[in-house]
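Novice: Sequence and predicted structure, then a few things I'm wondering about:
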Amino acid sequence: MTMATKTTNYPFEFHCATGIFPADELAALIEHGGRLEALASGTLAPSNKADRHFLEVDRGDAPAKTLLERAWDRLKGRREYEREQAEAPPHEPAPDYGIQEFDKDPCWW
């Protein structure tokens, strides 16, 4: 399930499953995700120290300190995970060597 919201002039969509987010992180992203996305993409310039720290967190140069920064890290990780899963080749089936399994053989005795 994905959710879409709009904060001020910055539309935001999760683009991933939201079931992994704790309620407080989900609420924070719904309210501020559009602005964070704009900051991370460079559409919006940082206007204060908190914005600049967020950009450091986004780049991986600083650890997340706030709930919103932790939520953003989780969002980025989930998006990456789902993208990797979608791009991964299908699993190869187990090789069949023609050996009848004991429990499946109708005439095992």
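Specialist: Received the coordinates, thanks.

Novice: ok, and the closest non-adjacent residue to the residue most central in space within the chain?
Specialist: Taking Cα atoms, centre = their mean, the centroid of the chain lies closest to Arg78, which sits 1.7 Å from it. Nearest non-adjacent residue to Arg78, counting by Cβ to Cβ, 6 or more residues apart in numbering: Cys16, 4.5 Å away. C-beta coordinates here come from the backbone N, C-alpha and C atoms, glycine included.

Novice: Next: Leu26.
Specialist: For Leu26, the nearest residue in space outside its immediate sequence neighbours is Thr18; the separation is 6.1 Å by Cβ to Cβ, 6+ apart.

Novice: helices or strands next to the helix or strand hosting Leu26 in the packing?
Specialist: Leu26 is located in helix 23-41, with elements delineated by DSSP states H and E. With contacts defined as 3 or more Cβ pairs under 8 Å, 6 or more residues apart in numbering; DSSP states H and E, helix 23-41 has these neighbours: strand 4-7, strand 10-13, helix 49-59, helix 67-87.

Novice: Nearest to Ala38 among the ones you listed would be which one?
Specialist: The closest of the helices and strands packed on helix 23-41 to Ala38 is strand 10-13. By Cβ to Cβ, the value is 4.7 Å.

Novice: where does the chain dip in pLDDT?
Specialist: Residue ranges of the chain with pLDDT under 70: 1-8, 100-109.

Novice: Ala71 reaches Leu29, doesn't it?
Specialist: Yes - applying Cβ atoms under 8 Å, one finds Ala71 in contact with Leu29, separated by 5.1 Å.
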